[in-house]
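# Would you be able to build a 3D model of this:
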Amino acid sequence: MNSLGLRIGVIGRGIAVEDSTGYICSQNEIWLLDRLTSNGSKIIYGPIIVKKGDECAEHFKKIYKARLNNGPIKVHGFYGEFQKKQNIIRKIIRYFIWFLRCIRFVSKVDILLIYYPSTLGVMAIIASKIMRHRYILYKGSSWIKDRKHIELFKSDIIRKLRLNFKKYIETYVMKSSPLILVRGPVVNGNNCKYIRGNTPFLASDIYERIDTCLGKKIVIVSVCHILPNKRINDIIKAIAVVSKYNSNVIFKHIGGGYKKDIDELRALADTLGVSDKVCFLGPVKDKKKLLCEFRNSDIFILASYSEGFPRVIIEAMSQSLPVIASKTEGVEDRFNNYSDILMFEAGNHKELSDAIKRVISNQELRQRIIINGRKQAEIEFNLPMPEDTIMQAINTIISER
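This next block holds a predicted model:
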């Protein structure tokens, strides 16, 4: 049996906004789903659907431009709420409904591609086990180190109980899954296979240079859609500290966001007296322009409070930029501090400013991070494309049935 005509279920990842014209999803989701259908397979896609009227619906609409309507991709969504304060009873009921939908979802497909870590992903794994259904796990980071789901709780007892529960789930998932496609974290196991991310950058785009921070201006760059957990405010605070040490430092941010959020960041820069050193370039969609911005920069910073495996780090490394990144689950799992990258505690702008000063002043450290980071990018870009690996894995599992 080959993959032609297969019903492939994709579940556990992604947000979609439902409106009268279909579903608005992230470009990354559409990118992968389209490629999985290119060989004649049918996709049943199970995103978390934000209801109209939810306080985050308009927010997601602005971020996610790509539309998913019909054709070989059918949507069987899991309706969720993203209100800031959620009633615990309603949350339990919703999760129970999700689990029942997972069982129904599993029954409609020939094989499942489950994104992990996520609560929905864990439900899909359990549903697959109950129904003795084949699945492939797509692992992006460690669930144990996902701080945004642990540090929400003020009680140490609840936090420890939740962490121990996640450790049990993580161990069970890693041992029992037939095949795990690993996106970022370093894991061991005969059932694990590494795949590359869906970055538009290729091996031919790698830019070699020995050093940075040699010009009159030291350009620091970050790339992301501006959200509170991306902590761009910490970068601006660090720039204010570093500018007292080196007045030639400037900061450029690439990526969109709400006007309100950007205005608040501009106001912060003005309050700290560094408005002339902070520039918001907005989204840069053209790859050549993005490459140019990277190559004209000296240091890359990722300051997020929580991340899976951020592909933008690999993109920056491919352009021979020394990378400074917060200690998030995806970063700590993959890279070596002071070798491939320089890490700081998320949310601590003083540590970030110290890291910036260290990179600027220590040429040996800077060059080591540039060289080893570029090697990481070369390794990543030589991995097979994710859709090719996924289809190969699907064909292997189907042939064993």
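# Helices of the stretch 151-300 of the chain, start to end?
Using DSSP state H, counting those that start in this stretch, the helices of the stretch 151-300 of the chain run over residues 156-176, 232-245, 259-271, 287-295.
# Which one, of those, ends up nearest to Ile114?
helix 156-176 (9.4 Å; CB to CB). In this view, the C-beta of every residue, glycine as well, is placed from N, C-alpha and C.
# Output the contacting helices and strands for the closest one.
With contacts defined as 3 or more CB pairs under 8 Å, 6 or more residues apart in numbering; DSSP states H and E, helix 156-176 has these neighbours: helix 119-130, helix 147-150.
# With distance to Val10 as new columns, can those helices be given to me in a markdown table?
Converted to a markdown table, those look like this (distance: least, CB to CB, whole Å):
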| stretch | distance to Val10 |
| --- | --- |
| helix 119-130 | 10 |
| helix 147-150 | 22 |
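# Can you tell me which of those is packed in deepest?
helix 119-130 (a mean of 21; mean count of other CB atoms under 10 Å).
# Show me what the following helix or strand past that one is packed up against.
Remark: after helix 119-130, the chain's next helix or strand is strand 135-139, criterion DSSP states H and E. Here strand 135-139 touches strand 111-116, helix 119-130, strand 180-182, helix 386-399, going by 3+ CB pairs under 8 Å, 6+ apart.
# let's see 7 Å
Packing contacts for strand 135-139, counted by 3 or more CB pairs under 7 Å, 6 or more residues apart in numbering; DSSP states H and E, involve strand 111-116, strand 180-182, helix 386-399.
# still on that earlier bit, could you point out which of the helices and strands packed on helix 156-176 sits nearest Ala325?
helix 147-150 (14.2 Å).
# can you list the domains in this structure?
For the chain, automatic domain parsing gives the domain ranges 7-197+383-399, 203-381.
# Mean neighbour count, those domains: which tops it?
domain 203-381 (a mean of 19).
# mind checking how far that one is from the chain centre?
Relative to its parent chain, domain 203-381 has a centroid offset of 16 Å by CA atoms, centre = their mean, to the nearest Å.
# And stretch 194-203, by the same measure?
Put simply, stretch 194-203 sits 13 Å off its chain's centre (CA atoms, centre = their mean).
# Any idea which of the helices and strands packed on strand 135-139 has the lowest pLDDT on average?
In terms of mean pLDDT, the lowest-scoring of the helices and strands packed on strand 135-139 is helix 386-399 (a mean of 74).
# partner residues bridging Ile43?
The partner list for Ile43 in beta bridges (DSSP bridges) reads Ile8, Ile73.
# Might one say that it is in contact with Ile8?
Yes - counting by CB atoms under 7 Å, Ile43 does reach Ile8; the two are 5.4 Å apart.
# hang on, the earlier thing: which of the domains of the chain comes out lowest on mean pLDDT?
For those, the bottom mean pLDDT is recorded on domain 7-197+383-399, which sits at a mean of 76.
# which residue packs closest to Phe344, ignoring adjacent ones?
Computed as CB to CB, 6 or more residues apart in numbering, the closest residue to Phe344 that is not its neighbour in sequence is Glu351, at 4.0 Å.
# Can you list the neighbours in contact with stretch 201-214?
291, 295, 298-299, 315, 318-322, 360, 363, 366-367, 370, 374, 377-378, 381-382 (CB atoms under 7 Å, 6 or more residues apart in numbering).
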